[in-house]
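1. Pasted the sequence and its predicted model underneath.
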Amino acid sequence: MKGEKKRMKKALAILFALALLVGCRAKTEPVATNTPATAAPSQETVAPAESVDEPEAEVEAAPVEEKDWEEMTRDELIAKASALPAASGSIVRGSTTDVDVYMLNGWTNSSSNADIKELIHGGLGGYSTIVWTQDGRFIVNPISVEEFTTADNADGSKTFTFKIYKDLVYNDGTAISAKDYVFTNLLGFSSEFQELEGFNTGAEMYPGGEEYSAGESNRLPGFRLIDDYTFSVTLVAEELPNHYELASTAVGPLPLQVIAPGCDVKDDGVGTYIDGPWSVDLIRETLLNEQTGYAYNPKVTSGAYQFDSYDLSTKTAILSANPKFLSTHDGYKPQIEKIILKKTVSATQLEELEAGEVDLLDGNATGSEIEKGLTLVDNGKADYFNYPRNGFGHITFKCDIGPTQFAEVRKALIYSLDREEFAMLFAKGYAEVVDGYYGLSSPEYQYSKDEMESLITHYTYNLEKAEESLVSGGWTLGEDGSAYTSGVRYKKLDDGTLMPLIIEWLSSENNEVSDHITTLLLPAAESIGIKINKTQVDFATLLTHLYRDGVEPFYHMFNLAVGFTEANEYWYVFSSEEEYLDQWNSTNIIDEELESTAKGMKSIPADDWESWVDSWVKMQVRWNELVPMIPLYSNDYHDFFNLKLKGYDVSPTWDWAHSIIRCYIG
Amino acid sequence: MARYILRRLGYIVFTLLIVSVILFSISKIMPGDPALMLVDGRKLRPEQFEIAYKAAREKLGLDEPVVVQYFSWLRTMVTGDFGWSTVTRLPVAQMAAAPLGNTVKLNIFGLIFTFIITIPLGIATAVRKGKVFDQAVQVVTIIGYSLPTFIFGLLFICLFGVIIPIFPISGSGSIDTTLTGWAKTWADYRYMALPLIVYVFSSLGGITRYVRAAMIDALRMDYIRTARAKGLKEKVVIYSHAFRNSLIPFVTIFTGWFISIFGGSVIIERTFNWNGIGNVLISSLMQQDYAVVLAFYSFYAVLSLAGNLIMDIGYCLVDPRVRLS
């Protein structure tokens, strides 16, 4: 869930990247102060909803801002950060997700490690060229980028040039140059990196990226080194226009001389390349040495926090404030000295919070956890922050095989499930039912809520409508081809054969959602002639069948969840192209209207919010008619934290790892 | 005895080969595709996915015939290379060393405390058979024997973690980086307290009753009556005559328990977030991380076979009437 939340937060922001771009081109200062107000979702839509009970701690926030950060110069932002109290104290953040050994992108992708990487390497913060703001935009980083320009090229590609400030340093005091920024992708996209099982996606977005990534060339023309503090990133014409183009140019620095000692980044006019004793063996030692490897033990970093240690025995990671960190894009630097990330068990983590063994538990979603946490709050032992999820739990149908290939069957099933009751049972009221491919906090939904609600069908529990849908779909026969009376319904197909209304459902083990579906849907469906056969497997096997990886298509129905990211590429999710079916388009829905609407969204400029939302609504309306999934619940997440933690302020797109840099111990 | 041991070692090697074939076959029969698990992140573009997937199959040797895969796996296992975890992307030995260490630490302490408590308790209840003390112990031990471990876990967490907060609720060691030396060791061991208490409490019933039964049988023997008739002190009768003779069945369970030192308890580990090998194994199974599963089940097979040999030798040492041949 946490991972979904993180992905989701990306979704908001990229929408406005182009608007920013235009703004930045018009100004020498890279801060996007002129993003059209209409282009950005309002603060209310992305910040915790009005229903959020603002804890008292929020009121006594850290130093009062006299000026909005977007109106400040870089010096003012750094001065603001410097004026904050020195970092002190520590907090323990608990998560039910393991913290693993990899502290560098390319290997595992645990959400806890993603948070660590965000804090120590910057991610979409720190000294990245592009950063993510709390109100859901991608902007050029005013702390790291001195000048930013763009140029449309004759071949249809587009070049983004960044000049970085000369006073940026890593936590050990070493200067950061443009070479470090370029090196990040020269490393990540290299075939040598892939030989170490490291894998980074996206090389094909940049000219020469595929050849470089495949090891066919040692030049990366998509990244050019102009001088020690200036570099450029070019996006290929095939990726343009692209709603998310600015986000695609985001890159942060990695220490070249630590990861590739003795090597240099050069540009011979064709593209950048690594010069020197660069080899698989070199980076195997510098990245994966069990004791000193940068992937496990990144001691030289540029993010707001630095990596102290990881204990494999206790699976605990410790970070401390980076003393050399200048400022976040909005004028903050860490006020909490240490962050300890430890694994917790969902059954006892709130007891740990009560006992003071953990200080922060974020992303609680189940009703029982939330009620337990709220009891602590009522007893004055903790505080909390809640926010709607940008995703939802659902039943996915395979829309190309068996009875679920027919929309009438899918509609009959959605009418047969009492989703309100389901949400109440599962989340004890801390969730809402949605009727489209969105979460409660989707900015598009928040922006177009009234219009959306008037256009889509709200599928409430109604067995009569379910039966009507089946009848209209031709499911009117019995096993022998005569009129249906009882048992399983049949439909006569075009080839004259009879198809039974038997649905094969693949469910994951030990899953409370599956239990509630079994209780609520199966008997109701059976009463109108739909037989659902349930098979339980482990989650990995479920995915194998969902994505049809080397297995014959057999199952028609799966239950799982989806989370939206900063960048939601609907044009792939609803694509009928064979290469996108099964994996991206896991429902295998093929519908011309849905596909063309989604494909049209790709080229909508990032600043054209109205057009984007119009298309998004149109897409949702069509999706709602086709029902390739049954949306079950969209949770209301609750973060519980120790009373000593002050200034905690999160949203679906601004999680604890962002917020904690702005928090302090009170 | 030496010839016997050599012969048994030969059997062990033969048995291990059969076990290895069975384990490897099961791992191949099980559903799922480890290469797919290795291709992290589903939303790769199709061509990227193909490249990554192909590389993963090559890396795992899955593009070879199954027989070749088996011998390749066997060869690496024999040379001490236990393979590579597809989930953590670390060598199995590296990723499992810390959890195995935690498991062994917990089990050794558990074993020591369990035997320290259960042996005297079993003897005492046998000697006082049918009396109030015996009945009270029977009731307590039957509770420990009957209730699921996680119930104790939650109970002790509530008692010693929340109401009287003297022990940490979960984790495998202290996260306080300011501690060093003995203070650090003591802080680390405090994290073991609750799992250890639960471990010992849930083990009391079985062993106490086992020792009690063995002692009751021994105390009924003619040689005990003879010893008492000779006027020996009751202590001597119990400890030198009855207890020593009750050791023979005890060797069986002791050996079993010794082997179990290397096996983790999934329930205890999950309840207390103790980073042990039981958790690693169950997670590996769920995530189709077969290199880890195969390595550990092979390890357990070796342990079991070696344990049986040790048990037989133990019988010989404890009971002079037993001869190995």
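-> On my side now, so go ahead.
2. residues near A:T653, how many?
-> 31 (other CB atoms under 10 Å in any protein chain shown). Every residue, glycine included, has its C-beta placed from N, CA and C.
3. same thing with B:N275?
-> 25.
4. And A:S469, how close does it get to A:D480?
-> Distance of A:S469 to A:D480, computed by CB to CB, to the nearest Å: 23 Å.
5. So which of these two has more stuff around it?
-> A:S469 (24 against 7).
6. Confirm for me that that one is in contact with A:S416.
-> No. If you go by CB atoms under 8 Å, A:S469 and A:S416 don't touch, sitting 9.6 Å apart.
7. Just the C-alphas of stretch B:310-319, formatted as PDB.
-> Only the C-alpha atoms of stretch B:310-319 are listed here, as PDB (Å, rounded to 0.1, in the frame of the first residue of the first chain):
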ATOM      1  CA  ILE B 310      24.700 -38.800  16.500                       C
ATOM      2  CA  MET B 311      21.600 -40.100  18.200                       C
ATOM      3  CA  ASP B 312      22.700 -43.700  17.600                       C
ATOM      4  CA  ILE B 313      26.100 -42.900  19.000                       C
ATOM      5  CA  GLY B 314      24.500 -41.200  21.900                       C
ATOM      6  CA  TYR B 315      22.400 -44.300  22.700                       C
ATOM      7  CA  CYS B 316      25.600 -46.300  22.800                       C
ATOM      8  CA  LEU B 317      27.300 -43.800  25.200                       C
ATOM      9  CA  VAL B 318      24.200 -43.500  27.500                       C
ATOM     10  CA  ASP B 319      23.300 -47.200  27.600                       C
END
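8. Please parse chain B into its domains.
-> Under the assignment automatic domain parsing, the domains of chain B span B:2-78, B:92-318.
9. between those, which gets the lowest average pLDDT?
-> Note on those: domain B:2-78 shows the lowest mean pLDDT, a mean of 79.
10. Quickly check: stretch A:298-317 near chain B or not.
-> Yes. Using CB under 8 Å from any CB of the partner chain as the criterion, contacts between stretch A:298-317 and chain B involve A:D308, A:S309, A:D311, A:L312, A:S313, A:T314, A:K315, A:T316.
11. I meant to write stretch A:564-583 there.
-> Yes. Using CB under 8 Å from any CB, stretch A:564-583 reaches chain B at A:Y572, A:E579, A:Y580, A:Q583.
12. possible to save the residues you listed as TSV with pLDDT?
-> As requested, those are exported to TSV (pLDDT from 0 to 100):
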residue	pLDDT
A:Y572	88
A:E579	77
A:Y580	84
A:Q583	80
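13. Take these and lay them out in JSON lines including neighbour count, distance to A:S88 and secondary structure.
-> Below are these laid out as JSON lines (neighbours: other CB atoms under 10 Å in any protein chain shown; distance: CB to CB, whole Å; DSSP: H, G, I helix; E, B strand; the rest coil):
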{"residue": "A:Y572", "neighbour count": "19", "distance to A:S88": "47", "secondary structure": "helix"}
{"residue": "A:E579", "neighbour count": "15", "distance to A:S88": "53", "secondary structure": "helix"}
{"residue": "A:Y580", "neighbour count": "19", "distance to A:S88": "51", "secondary structure": "helix"}
{"residue": "A:Q583", "neighbour count": "18", "distance to A:S88": "48", "secondary structure": "coil"}
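14. now, among the residues you listed, which is nearest to chain B?
-> A:E579 (3.7 Å; CB to the nearest CB).
15. measure the closest one to B:L294 for me?
-> Taking CB to CB, one finds A:E579 at 34 Å from B:L294.
16. Can you give the contact residues for stretch A:411-420?
-> A:395, A:397, A:404, A:433, A:459-463, A:465-467, A:469-470, A:473, A:475, A:503, A:517, A:520-521, A:524-525, A:528, A:530, A:557, A:627, A:630-633 (CB atoms under 8 Å, 6 or more residues apart in numbering or on different chains).
17. buried set for that stretch?
-> A:K411, A:A412, A:L413, A:I414, A:Y415, A:S416, A:L417, A:D418, A:R419 (16 or more other CB atoms under 10 Å in any protein chain shown).
18. Now render the residues you listed as a markdown table, adding pLDDT.
-> Converted to a markdown table, those look like this (pLDDT from 0 to 100):
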| residue | pLDDT |
| --- | --- |
| A:K411 | 96 |
| A:A412 | 96 |
| A:L413 | 96 |
| A:I414 | 96 |
| A:Y415 | 96 |
| A:S416 | 96 |
| A:L417 | 94 |
| A:D418 | 94 |
| A:R419 | 93 |
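19. Identify, from those residues, the entry nearest to A:D68.
-> A:R419 (41.9 Å; CB to CB).
20. just to revisit the earlier point, give the residues shared as contacts by A:S469 and A:S416.
-> By CB under 8 Å, 6+ apart, no residue touches both A:S469 and A:S416.
21. and stretch A:204-220 with chain B, contact?
-> Yes. Judged by CB under 8 Å from any CB, stretch A:204-220 comes into contact with chain B at A:E204, A:A214.
22. follow-up on the earlier one: nearest to A:P85 among the residues of stretch A:564-583 next to chain B?
-> Once CB to CB is applied, the member of those that ends up nearest A:P85 is A:Y572, at 46.6 Å.
23. That closest one and A:Y580 touch, don't they?
-> Yes. Assessed by CB under 8 Å, A:Y572 is found in contact with A:Y580 at 5.2 Å.
24. gap between A:E357 and B:P168?
-> Distance from A:E357 to B:P168, by CB to CB: 6 Å.
25. typo on my end, it should be A:A524
-> 47 Å.
26. what's the span of stretch A:565-582, first residue to last?
-> Stretch A:565-582 has an end-to-end distance of 20 Å (criterion: CA to CA, to the nearest Å).
27. Give me the distance between it and the centre of its chain.
-> 15 Å (CA atoms, centre = their mean, to the nearest Å).
28. and that stretch, which residues are buried?
-> Buried-residue list, stretch A:565-582, by 16+ other CB under 10 Å: A:565-575, A:580-582.
29. closest to A:S88 among those residues?
-> For those, the nearest to A:S88 is A:E566 (32.5 Å; CB to CB).
30. Just name the most buried of the domains of chain B.
-> domain B:92-318 (a mean of 18; mean count of other CB atoms under 10 Å in any protein chain shown).
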